[in-house]
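# I'll drop the sequence and a predicted model, then ask my questions.
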Amino acid sequence: MDLPVFKTVGEILEYCWARRRIALTYAVIPMGLTVIANLAVWLMGIDLTVIGSPAFYALNIFGALVFMPFTVTWYRMVILGEQTLSQRQLFSFTGLETKFLFWQVVIVLIVLSVGGGGGFLIGALVEAATAEDAAMAQALASLLMAAWAVAIVSATCRLSLVLAMAATDRPVSLGEAWNRTTGLGLRMGAIFILSFLAAILLMMPLQLIALVLASVFSVVSEGVAESAGVVFGTVAGAFGSLMVLLFPTTLFAFVYNRIAQSMTGTGTATSGEAGGRTGDTSGGFISSLMGAEDTSTARGFEGPGRNTPVPDTANEQTTEEDVAATLTRLYAFMDDKPSDTAEDMRALVDGFFSRFEMPSDATIEDVDAGGVPARWVTVAGTDEDRVVLLLHGGGFSAGSLTSHQRLAADLSMACGARVLMADYRLAPENPFPDGLDDCVTVYRWLLKEGFKPGRIAIAGDSAGGGLAISTALTLKERNIDQPAALVALSPWVNLSCDGETMDSKAKDDPITTQERLLRAAKDYLNGYDPRDTMISPIYGDLRGLPPLLIQVGSREVLLDDSRKLAVRAKADDVKVTLEEWPGMFHVWHMMADWITDGRRAIGGIGTFVRRHMG
């Protein structure tokens with residue numbers, strides 16, 4: 001028998017247990033303060049067991065306040081990733097906590113007013129309708145009150161999504177929280193109640209231990225036993241408070257972070273299907289909670305459109321030998337060539353990738369795009385009203401119109417569109433924000449030339465993938481129409497370089513290293529904070545951005561950042577498709593002549609872009 005709600009509760013418990021050290025680390029201070037406050041009240045001679053007394057309410061309010069930094073931290077970790085922990089002190093009140101508190105009070109006031117008013121109205125109506133039958137009135141009132149309580153709990157859960165918005169410093173909207181959770185209220189309410197009961201059950205062994213210890217101390221004296229019982233019971237209660245807070249918070253964060261389903265499973269992309277992240281226990285939760293497939297999950301490609309460079313490769317597979325041979329060619333070219341300076345890297349990148357021949361039907365035209373050098377690359381038969389703005393990679397300090405010319409031709413063929421390459425300024429000579437400004441300038445030039453936003457896509461690889469998203473964020477900031485779609489290939493979207501796979505994939509990634517990335521980031525940052533949202537869009541508010549396709553290889557140190565980018569995008573209601581390609585390395589698309597999966601991936605880009613350009 002399938003019981004998805006119970007399964008969901010189990011997955012929440014599993015998620016929290018896997019991160020118990022993080023929870024205890026950030027909760028130890030509020031737990032300690034709670035224990036001290038309770039003991040202080042007890043020493044004053046106030047009975048802590050009287051529910052509803054002023055001391056009871058005061059202690060509960062105090063507990064909610066001191067646990068607020070932990071709650072905000074937990075929300076941010078679940079939604080934005082564990083890298084956010086480095087930004088959070090163990091205990092501090094900031095503007096986020098203030099914002100969070102405000103909305104917590106708003107929800108409490110709404111629930112108390114609506115719940116209390118509805119309860120009073122139900123009682124009055126039942127009493128009026130059954131004035132002569134007291135037993136029937138009591139039974140009917142109990143039934144209606146229970147149904148009303150379920151409705152209030154469900155509504156509270158739905159509104160509680162604003163707490164996730166506040167904790168992640170998003171614009172907060174009760175209407176958005178309500179709309180996001182349409183059809184989920186009852187299931188959220190059931191999960192909330194079961195999680196609460198699970199916390200109580202887990203607290204029972206702690207309370208039992210407290211009673212046993214009190215009994216042991218009773219051998220000394222009754223006074224010592226009472227004191228020991230209060231102390232141990234208070235400590236156990238602090239742990240219980242943590243669990244009562246932890247489980248619902250995880251529930252609301254998971255619902256807000258609905259991309260989780262598409263980040264699970266063991267799918268692969270080698271056959272043209274979207275790959276998925278493995279090992280995320282929240283995926284089954286989202287699946288069972290939603291009761292339906294998440295439409296953000298990347299689906300199988302619809303197949304090549306006209307002019308696609310993808311041949312019929314249904315029976316072809318990229319083998320480990322193909323990948324090894326490709327990397328051997330790359331290493332052989334780089335052997336004994338200097339790579340210490342930006343000029344060295346530019347020579348290497350241009351020299352290697354310029355070896356790939358252009359299609360015979362490709363035309364090239366250099367233009368001045370509003371003061372930024374640019375190059376049109378067009379293959380025969382494309383729709384000249386459609387444009388893909390290509391922002392090349394190269395760590396913000398290398399890459400050029402020369403190195404990415406062949407990729408531009410492949411994208412032109414796959415997308416059935418002209419491709420405009422932007423020769424944006426490079427670091428270290430021109431650090432942030434010069435390159436980003438150039439990308440925005442080229443996009444605005446396209447609009448002035450008469451191209452419609454709905455017929456433009458912005459694509460980029462590596463640093464260019466990050467620039468593609470930063471460009472869209474800048475357009476949003478300046479109230480400029482968004483393009484039809486964004487494409488990010490092995491994107492570099494977090495210049496802090498602190499993703500989980502920086503370590504776990506260090507030995508697997510044959511192209512990129514954390515050390516190399518940090519060196520390039522230093523040249524580009526020019527003193528700016530690496531978490532500036534225009535530098536590292538993984539930290540940005542992505543709401544309002546167009547549909548986004550992310551393609552990343554399973555061997556990349558940047559893999560974790562691509563996953564988190566997808567999570568953030570989906571949390572911000574962006575239509576996002578994440579594809580993880582097993583066995584692939586950084587921007588394998590540029591070696592599509594040698595790797596079948598490069599041709600497959602480019603064909604998938606064409607399908608995605610054509611779909612959203614109309």
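Good, I have the coordinates.
# alpha carbons only for contacts and neighbour counts from here, please
OK.
# Could I get the average pLDDT for stretch 515-527?
Mean pLDDT, computed over stretch 515-527, is 94.
# buried sites along that stretch?
Judged by neighbour count (16 or more other Cα atoms under 10 Å), stretch 515-527 contains these buried residues: 517-518, 520-525.
# Reformat those as JSON lines; add distance to Ala488.
Conversion of these to JSON lines gives the following (distance: Cα to Cα, whole Å):
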{"residue": "Leu517", "distance to Ala488": "18"}
{"residue": "Leu518", "distance to Ala488": "20"}
{"residue": "Ala520", "distance to Ala488": "19"}
{"residue": "Ala521", "distance to Ala488": "18"}
{"residue": "Lys522", "distance to Ala488": "22"}
{"residue": "Asp523", "distance to Ala488": "22"}
{"residue": "Tyr524", "distance to Ala488": "19"}
{"residue": "Leu525", "distance to Ala488": "21"}
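# Looking at those residues, which are in strands?
If you go by DSSP state E, the buried residues of stretch 515-527 have nothing in strands.
# Please give the element, helix or strand, for the residue nearest to Glu556 when sequence neighbours are not counted.
Excluding the flanking residues, the one nearest Glu556 by Cα to Cα, 6 or more residues apart in numbering is Asp509, at 5.1 Å. Using DSSP states H and E, Asp509 sits in no helix or strand.
# Can you give me the neighbour number for Asp509?
21 (other Cα atoms under 10 Å).
# If I look at it, what pLDDT would I see?
93.
# likewise Ser412?
On the pLDDT scale, Ser412 gets 97.
# what's the answer for Pro582, then?
In this model, Pro582 carries a pLDDT of 92.
# I'd say it and Glu556 touch.
No: at 10.1 Å, Pro582 does not count as touching Glu556 under the criterion of Cα atoms under 8 Å.
# Between the two, which has more neighbouring residues?
Neighbour count, other Cα under 10 Å: between Pro582 and Glu556, Glu556 has more, with 29 against 18.
# quick one, phi psi at the more buried one?
phi -90, psi 140 (degrees, to the nearest 10).
# Can you point out the buried residues in stretch 89-107?
Buried-residue list, stretch 89-107, by 16+ other Cα under 10 Å: 90-91, 96-97, 99-101, 103-104, 107.
# Now do the same for it: mean pLDDT, whole number.
Mean predicted lDDT for stretch 89-107 stands at 87.
# which other residues reach it?
Under the criterion Cα atoms under 8 Å, 6 or more residues apart in numbering, residues 25-27, 29-30, 68-70, 72, 156, 159-160, 162-163, 166-169 lie in contact with stretch 89-107.
# what's the distance between the closest residue to Val587 other than its chain neighbours and Glu580?
Excluding the flanking residues, the one nearest Val587 by Cα to Cα, 6+ apart is Ser490, at 5.7 Å. As judged by Cα to Cα, to the nearest Å, Ser490 and Glu580 stand 10 Å apart.
# any shared contact partners between these two?
Common neighbours of Ser490 and Glu580, using Cα under 8 Å, 6+ apart, are 551-553.
# what sits against the closest residue in space to Ala427 that isn't next to it in sequence?
Spatial nearest neighbour of Ala427, excluding adjacent residues (Cα to Cα, 6+ apart): Ser397 at 4.7 Å. Ser397 sits next to 342, 346, 426-428, 520, 523-524 when contact means Cα under 8 Å, 6+ apart.
# Equivalent analysis for Thr25, please.
Thr25 touches Leu90, counting by Cα under 8 Å, 6+ apart.
# just Asp573 next, same as before
Contacts of Asp573 (Cα under 8 Å, 6+ apart): 543-544.
# and it, which of the three is it?
Of the three states, Asp573 takes coil under DSSP: H, G, I helix; E, B strand; the rest coil.
# Equivalent analysis for Met534, please.
Per three-state DSSP, Met534 ends up coil.
# what's the burial count for the residue nearest to it when sequence neighbours are not counted?
Using Cα to Cα, 6+ apart and skipping residues adjacent in sequence, the residue nearest Met534 is Ser470, 5.2 Å away. Ser470 has 24 neighbouring residues, counting by other Cα under 10 Å.
# May I ask which helix or strand encompasses Ser470?
Using DSSP H and E, Ser470 falls in helix 463-477.
# Rounded mean pLDDT for that helix, please.
For helix 463-477, the per-residue pLDDT averages 97.
# helices or strands up against that helix?
Packed against helix 463-477, as judged by 3 or more Cα pairs under 8 Å, 6 or more residues apart in numbering; DSSP states H and E, are the following elements: strand 383-391, helix 434-448, strand 456-461, strand 485-489.
# Just the angle for that helix relative to strand 383-391, thanks.
Between helix 463-477 and strand 383-391, the angle comes out at 110 degrees (axes from the mean of the first three to the mean of the last three Cα atoms, to 10 degrees).
# Can you dump the C-alpha atoms of helix 463-477 in PDB for me?
Extracted in PDB, the C-alpha atoms of helix 463-477 (Å, rounded to 0.1, in the frame of the first residue of the first chain):
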ATOM      1  CA  ALA A 463      32.300  32.200 -17.700                       C
ATOM      2  CA  GLY A 464      30.000  33.100 -20.600                       C
ATOM      3  CA  GLY A 465      27.300  31.000 -19.100                       C
ATOM      4  CA  GLY A 466      27.500  33.100 -15.900                       C
ATOM      5  CA  LEU A 467      27.500  36.200 -18.000                       C
ATOM      6  CA  ALA A 468      24.400  35.100 -19.900                       C
ATOM      7  CA  ILE A 469      22.500  35.000 -16.600                       C
ATOM      8  CA  SER A 470      24.100  38.100 -15.200                       C
ATOM      9  CA  THR A 471      23.100  39.900 -18.400                       C
ATOM     10  CA  ALA A 472      19.500  38.800 -18.000                       C
ATOM     11  CA  LEU A 473      19.600  40.100 -14.300                       C
ATOM     12  CA  THR A 474      21.000  43.400 -15.500                       C
ATOM     13  CA  LEU A 475      18.200  43.700 -18.100                       C
ATOM     14  CA  LYS A 476      15.700  43.000 -15.400                       C
ATOM     15  CA  GLU A 477      17.200  45.700 -13.200                       C
END
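# by how many degrees do it and helix 434-448 diverge?
Going by the same axes, to 10 degrees, helix 463-477 makes 60 degrees with helix 434-448.
# residues in contact with helix 463-477?
390-396, 436, 439-440, 458-460, 481-483, 486-493, 533-537, 540, 542, 544-545.
# Could you give me the ChimeraX selection string for whichever of these are buried?
Command for ChimeraX, covering only those of the contacts of helix 463-477 found buried under the criterion 16+ other Cα under 10 Å:
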select :390,391,392,393,394,395,396,436,439,440,458,459,460,482,483,486,487,488,489,490,491,492,493,533,534,535,536,537,540,542,545
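# can you pull the contacts of Val419?
376-378, 387-390, 408-409, 411-412.
# Trp148: neighbour count?
Neighbour count for Trp148, taken as other Cα under 10 Å: 16.
# Determine how far the one helix or strand it maps to lies from the middle of the whole chain.
Here Trp148, judged by DSSP H and E, is contained in helix 134-159. Relative to the centre of its chain, helix 134-159 is centred 36 Å away, using Cα atoms, centre = their mean, to the nearest Å.
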